[in-house]
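> need a structure here:
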Amino acid sequence: MSLTIEASRGTRLGVARRLTETERNWLFSALLVAASVIVCAAINMAEIRAGRWSPEARAIADPGRSAMSFVGIPHFLIAFLFTAYSRRMRSGRAWARFALLAAAGGILCLGFRRIDVATPALAELLLFGYFFIHECRDEVFFYYANGDGVASERGTAVEWVLVRLPLLLVSAVVAALAMGIGLMGLGGEWVQAEAAAVPDLLRAAMGIVPALAVISALLVLRRRWRAGGLGAPVAFLRAHAPIVRVFAASFAIIAVGLLLGLRSHTIILLHVSAWYVFSVRQLRKRPAPAPIPTRGSWAWIRGTPGGFTFLHAGLAVLMVVAAGVWAYGFRQDPRLLGFKIFLDSKSFAYWTIVHVSVSFASR
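Below you'll find the predicted structure:
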């Protein structure tokens, strides 16, 4: 497969070459997202055909949500495990920062819970926005780690802008929707029912504040752009075509997910898959460890593609088995806290918030 893209900076478009590593990894990640949802949908259909009509009696009540949980929770656990064993965490200061970020995540969870009780749609939107910040930052990290971006740009205005451009675009869309819903009465019956439950003053603020925030962000971006001497916007986007294409493709797959009723599940599935693909590719680039670690050992799990894949797949299988036990044996009884913490959709939101919060400890 080939694309017509820039071969290097300063060259004209029109030089055909293969997809960059960043683009190939994203494509494979998207395939994993589709596969995970399809597998869960197939199991869901089989359960329904077997007479398990009640969602509480099925291991997979919702294919998108279940796929997100089955691969998302292992990702969160593995991220914590690898962070705990990383070199950067070998000081008291690093652990103190981690603890502060975890506490901040806990506070955000409490705020999310209050908002979710009052307006679930707003709570999910805020959760999506918080996670999208995490996703944009990590995609740009992949771009440079893969060697598709110039290493000297790390930590400069270029990286700063690349992370924030997609955030600004999504924020502008959200601000326009908020203004239409809060001030103009746009949206379907369900949307307006949600809006009607919000006090008039707060609903007006929801329509105005996002727009003001986007305008302020545009001004900051303009100042940073000029200070960094980034030149013409079109030339800047062409110079960073691989990551621009990845963000554009991500927007497309998120839109498809929304149309299919997957809500915010798509972006989380894509992020988790992208980290898995990136990590395996990075492990394959490393020289083979000497001596070769024993299969099943921590060194094998942490340092080899096979071990890393085994850890992810093993945890995902455990999640599926646990979901089956909870549904078939106990009809998802919420009093069984062990199952609820790992499998309940509300619990997943708190996992997500804490994960994103503590991830700032690694940057």
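> list of residues touching stretch 28-40?
60, 63-64, 66-67, 70-71, 249, 253, 262, 266, 269-270, 273-274, 276-277 (C-beta atoms under 8 Å, 6 or more residues apart in numbering). No exception for glycine: its C-beta is placed from N, CA and C like everyone else's.
> take these and keep only those in helices.
63-64, 66-67, 70-71, 249, 253, 266, 269-270, 273-274, 276-277 (DSSP state H).
> quick check: which ranges of the stretch 201-350 of the chain have low pLDDT?
262 (pLDDT under 70).
> all the helices of it, in order from the start?
233-239, 241-259, 265-285, 298-303, 305-330, 337-343, 345-359 (DSSP state H, counting those that start in this stretch).
> can you add distance to Gly180 and give these back as TSV?
Shown next, in TSV, are these (distance: least, C-beta to C-beta, whole Å):
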stretch	distance to Gly180
helix 233-239	27
helix 241-259	16
helix 265-285	22
helix 298-303	49
helix 305-330	38
helix 337-343	36
helix 345-359	26
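> confidence score at Ala103?
For Ala103, the pLDDT comes out at 96.
> count of residues packed around it?
13 (other C-beta atoms under 10 Å).
> same check, this time on Ala172
Residues near Ala172, counting by other C-beta under 10 Å: 16.
> with Val234 instead?
There are 8 residues near Val234, going by other C-beta under 10 Å.
> mind checking how far it is from Glu124?
35 Å (C-beta to C-beta, to the nearest Å).
> in this structure Phe278 contacts Phe142, no?
Yes: the pair Phe278 / Phe142 is scored as a contact, 5.3 Å apart, by C-beta atoms under 8 Å.
> identify the contacts common to those two.
By C-beta under 8 Å, 6+ apart, the residues touching both Phe278 and Phe142 are Asn25.
> Leu162: what's its closest spatial neighbour, skipping adjacent residues?
Val140 (4.9 Å; C-beta to C-beta, 6 or more residues apart in numbering).
> quick one: contacts for Leu125?
Val174.
> which SS state does it fall under?
Going by DSSP: H, G, I helix; E, B strand; the rest coil, the secondary structure assigned to Leu125 is helix.
> any idea how far it lies from Arg114?
15 Å.
> now Gly307
42 Å.
> between these two, which is the more surrounded one?
Gly307 (19 against 9).
> doesn't Ile292 make contact with that one?
No: if you go by C-beta under 8 Å, Gly307 and Ile292 don't touch, sitting 11.2 Å apart.
> count the neighbours of Asp200 for me.
So Asp200, with other C-beta under 10 Å, has 9 neighbours.
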